[in-house]
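>>> Next input, structure requested:
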Amino acid sequence: MHIGALALVVRDYDEALAFYVGKLGFTLIEDTVQGPDKRWVLVAPPGSAEARLLLAKAATPDQAARIGDQTGGRVFLFLHTDDFQRDHQRMSAQGVRFLDAPRTESYGTVAVFEDLYGNRWDLLQSTA
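The predicted structure is shown next:
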């Protein structure tokens, strides 16, 4: 078994794609219209074999209230890299907002960044 996708509540499909594909360099896996205001939009980091993000447009006021804060302000997702410096520099050049300077921890090199909605992510190069 494996986790195939995680739903990430977004305000707008196209603005989310502009960030995840345009700024983070993710690959668009699928974008299928499912109705007048609903699409099945899957993205994944380059090289990701299984895990995907399902960009799910908020359909109710309760869902919209959770955009950008699906985890109560904690880091939500962990983006692993094999070259921290390369990806940190590329993402910074694309305007991705890092909340702190890169730091070395016992488990690797890490820096927290926010997506376009304020969800917190770790960019992480593991020492393992």
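
>>> Give me the residues contacting stretch 102-119.
Stretch 102-119 has contacts (C-beta atoms under 8 Å, 6 or more residues apart in numbering) with 8, 10-11, 15-16, 19-20, 67-71, 75-77, 84, 88, 91, 96-101, 120-128. Quick note: C-beta positions are derived from backbone N, CA and C, even for glycine.

>>> In terms of secondary structure, what does the helix ranked longest in the chain contact?
Taking DSSP state H as the criterion, the chain has its longest helix at helix 84-93. Here helix 84-93 touches strand 97-98, strand 108-114, strand 120-126, going by 3 or more C-beta pairs under 8 Å, 6 or more residues apart in numbering; DSSP states H and E.

>>> centre of the chain versus the first one, how much separation?
Counting by C-alpha atoms, centre = their mean, to the nearest Å, strand 97-98 is centred 13 Å from the centre of its parent chain.

>>> again with the second one
How far strand 108-114 lies from its chain's middle: 13 Å, per C-alpha atoms, centre = their mean.

>>> Dump the C-alpha coordinates for that strand into CSV.
Extracted in CSV, the C-alpha atoms of strand 108-114 (Å, rounded to 0.1, in the frame of the first residue of the first chain):
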residue,chain,number,x,y,z
GLY,A,108,19.6,17.0,7.3
THR,A,109,19.5,20.5,5.8
VAL,A,110,16.1,22.2,6.1
ALA,A,111,14.2,25.5,5.6
VAL,A,112,10.5,26.2,6.0
PHE,A,113,8.7,27.9,3.1
GLU,A,114,5.1,28.9,2.5
